[in-house]
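Participant: When you get a sec, could you give me coordinates for this:
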Amino acid sequence: MSETISKHIGEGFGKGELYAALAYDSSDVFGGMQIKSIKFSPVAGKPAINVGDSTTAWTALYTDKAISIYSTCASVNASSSFEPVLINTVMTGAGQVGGRVRVNMETDVALGAWANALKASIDFSTTGSVTGLGSAFCAEMTMMGQAMPASGNYAVAELELICPENWSGSNVVAFIHAQVGAAASNTSANFVTNGFLLDLTGMGTPVDDTAAIWHLTKDTAPTHALRCRIDGVAYDILMQASQYSSN
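Facilitator: Next up, the predicted model:
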């Protein structure tokens, strides 16, 4: 017969009803709140874990962290990725949208020199390197293993700029801001010599077929131009009408 035992944290160990010693102490009789696993059974429409809400927000200083995970990995495994945080979502409802991890930052004041809703960074320090490809942010999509349905568009990365009706001003607005950063004691000369704006792989050599993404151009003058900015100066990328018609 199963038996349910209900006790307050620390009860029976002489540590009081709430046992406030949350810092783990292996010599402590209660273990300092070392927990093997936690299971949440949330109520429908309520988050399982909630740190503040729109009514009672968590008021924090810039140094505070709601969640802080600092991990090290000394293992050597060239075939398995180290993933200190994994969020896995399986969508089983046809027609459902979303399925994402959403990071939202909102402000109604003029912020300072930078503001990011989401930041991914990698630091190679002094001697760090990779033998393959190293990237600060990786977006990867696996296509279905059969013929695609007629509807739908697919993109590894989606960039969307929302323009409110009353938005105006001559500020520089771009889909991508690419900047070479250099330490005060260094310059970007090495990137200027060896760097590329884009590094595209897997397209082969250009062919005389306008249905190919990497193809030879027709012997016609460019008819359009797309504006970009380099070091604050506006330039035009010359283009001609493609002979390929996408669906």
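Participant: pLDDT value on residue 9, please?
Facilitator: Among the per-residue scores, residue 9 holds a pLDDT of 51.
Participant: next one: the one 5 residues further on
Facilitator: According to the predicted model, the pLDDT of residue 14 comes to 54.
Participant: can you check the one 4 residues further on too?
Facilitator: For residue 18, the pLDDT comes out at 49.
Participant: With residue 25 instead?
Facilitator: Here, the pLDDT recorded for residue 25 equals 56.
Participant: same check, this time on the one 3 residues further on
Facilitator: At residue 28 the predicted local confidence, pLDDT, stands at 57.
Participant: likewise the one 10 residues further on?
Facilitator: In this model, residue 38 is scored at 73, pLDDT.
Participant: Burial check on it, number of neighbours?
Facilitator: Per other CB atoms under 10 Å, the neighbour tally for residue 38 reads 7. In short, each C-beta sits where N, CA and C put it, glycine included.
Participant: could you show me where the strands are in this protein, in order?
Facilitator: 224-230, 233-239 (DSSP state E).
Participant: May I see those strands organised as JSON lines, with mean neighbour count, mean pLDDT and distance to residue 67 added?
Facilitator: Below are the strands of the chain laid out as JSON lines (neighbours: other CB atoms under 10 Å; pLDDT from 0 to 100; distance: least, CB to CB, whole Å):
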{"stretch": "strand 224-230", "mean neighbour count": "10", "mean pLDDT": "89", "distance to residue 67": "38"}
{"stretch": "strand 233-239", "mean neighbour count": "10", "mean pLDDT": "89", "distance to residue 67": "43"}
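Participant: Show me the one of the ones you listed that comes nearest residue 158.
Facilitator: Taking CB to CB, strand 224-230 is the member of the strands of the chain nearest to residue 158, at 19.3 Å.
Participant: any idea of the angle the closest one forms with strand 233-239?
Facilitator: Strand 224-230 runs at 150 degrees relative to strand 233-239, counting by axes from the mean of the first three to the mean of the last three CA atoms, to 10 degrees.
Participant: Packing partners of strand 224-230?
Facilitator: Counting contacts by 3 or more CB pairs under 8 Å, 6 or more residues apart in numbering; DSSP states H and E, strand 224-230 packs against strand 233-239.
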